[in-house]
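Asker: Return atomic coordinates for the entry below.
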Amino acid sequence: MAHPLRRPADAGAGTELTQPEVQVSKRTPATSVFDKFTEPDCRPEDSMEADSDVPDDTDTATTEPGGRKAGATPPNRPRQRLIAIAVGVVLIAALGSSAYFGWRVRQLDDTAMAGQSALAAARAYAVVLTTLDADDIDKHYTQALDGATGAFKDAYSQGAAHLRQILIANKAAGNGVVLDAAIKSATKTKVEVLLFVDQSVSNAVTPGPRLDRNRVQMTMELVENRWLASQVDLI
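Answerer: So this is what the prediction gives:
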């Protein structure tokens, strides 16, 4: 049977000191018993001291003036500013390009509309110039002068009186038909038109109609919202 080991009582102490009880049996080796007495105590203080020797990663970063840590990446404010400026420049350029292209489209539309209006006026005026009747010659000249302007109007007025007498004397008559017409060049106020005009002519000498095929270049100018012929040439 195992007995607890006790230290003999100290005569002068009056108290009894005891060692931890160790159960000894026949099967327990003596070295195991003494190992329990010699085994160092595992005190919490030793663990705390060991833990305090491990450096804390959170304490390694130092703080620079201004409250920013030494390891922190500074904000890239200049780069952000440059990006914002670049975006602004691109937006302004895009708006400017859109405005320019919009203006250019309007200009092209206006020019195209002007060309079509001048083309229609030129076709009508070519019929006026090539259609005449000696019995109603004054009406013809009035219409011809009304559709002319500039140098062509002046030249037509100067020769009208002499030509009128020739047409009346020969009992001349003519009928014009525009076969085709196209715009040669155009602005919003001036358009050049090419026309293919057939004119059948008859007079007292040649009663049967004679067909003349004419190619005409006519310059039309916008005068007080009217397209008038400023130049007419046979080509």
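
Asker: So residue 167 versus residue 200, what's the distance?
Answerer: 15 Å (Cβ to Cβ, to the nearest Å). No exception for glycine: its C-beta is placed from N, CA and C like everyone else's.

Asker: I should have written residue 91 there, sorry.
Answerer: Distance of residue 91 to residue 200, computed by Cβ to Cβ: 65 Å.

Asker: Please identify which of these two sits among more neighbours.
Answerer: residue 200 (16 against 10; other Cβ atoms under 10 Å).

Asker: surely that one meets residue 213?
Answerer: No: look at residue 200 against residue 213 with Cβ atoms under 8 Å: they stay out of range, at 10.5 Å.

Asker: where does residue 123 land in three-state SS?
Answerer: Here residue 123 is recorded as helix under DSSP: H, G, I helix; E, B strand; the rest coil.

Asker: In contact with it, which residues?
Answerer: With contact set as Cβ atoms under 8 Å, 6 or more residues apart in numbering, residue 123 has these partners: 178, 181, 193, 195.

Asker: closest to residue 229 among these?
Answerer: residue 193 (9.3 Å; Cβ to Cβ).

Asker: nearest spatial neighbour of that closest one, skipping sequence neighbours?
Answerer: Counting by Cβ to Cβ, 6 or more residues apart in numbering, residue 122 is the residue found nearest to residue 193 once chain neighbours are left out, at 4.1 Å.

Asker: residues in contact with the one you found?
Answerer: Taking Cβ under 8 Å, 6+ apart, one finds 181, 191, 193, 195, 218, 220, 227, 229 in contact with residue 122.

Asker: so which of those is the most crowded?
Answerer: Of the contacts of residue 122, with other Cβ under 10 Å as the count, residue 220 tops at 30 neighbours.

Asker: looking at the sheet around that one, what are its partners?
Answerer: residue 191, residue 229 (DSSP bridges).

Asker: Could you check the pLDDT of it?
Answerer: With respect to pLDDT, residue 220 has a value of 98.

Asker: pretty sure it is in contact with residue 116, am I right?
Answerer: No: between residue 220 and residue 116 there is no contact under Cβ under 8 Å: 11.4 Å.

Asker: Is residue 180 part of a helix or strand, or is it coil?
Answerer: strand.

Asker: so who does the closest residue to it other than its chain neighbours touch?
Answerer: Once flanking residues are discounted, residue 180 sits nearest to residue 196: 4.6 Å by Cβ to Cβ, 6+ apart. Counting by Cβ under 8 Å, 6+ apart, residue 196 makes contact with 178, 179, 180, 181, 213, 214, 215, 216.

Asker: make it 6 Å
Answerer: Neighbour list for residue 196: 179, 180, 215 [criterion: Cβ atoms under 6 Å, 6 or more residues apart in numbering].

Asker: What count of nearby residues applies to the second one?
Answerer: By that I understand residue 180. 9.

Asker: Strands along this protein, start to end?
Answerer: 132-133, 173-186, 190-202, 210-223, 226-234 (DSSP state E).
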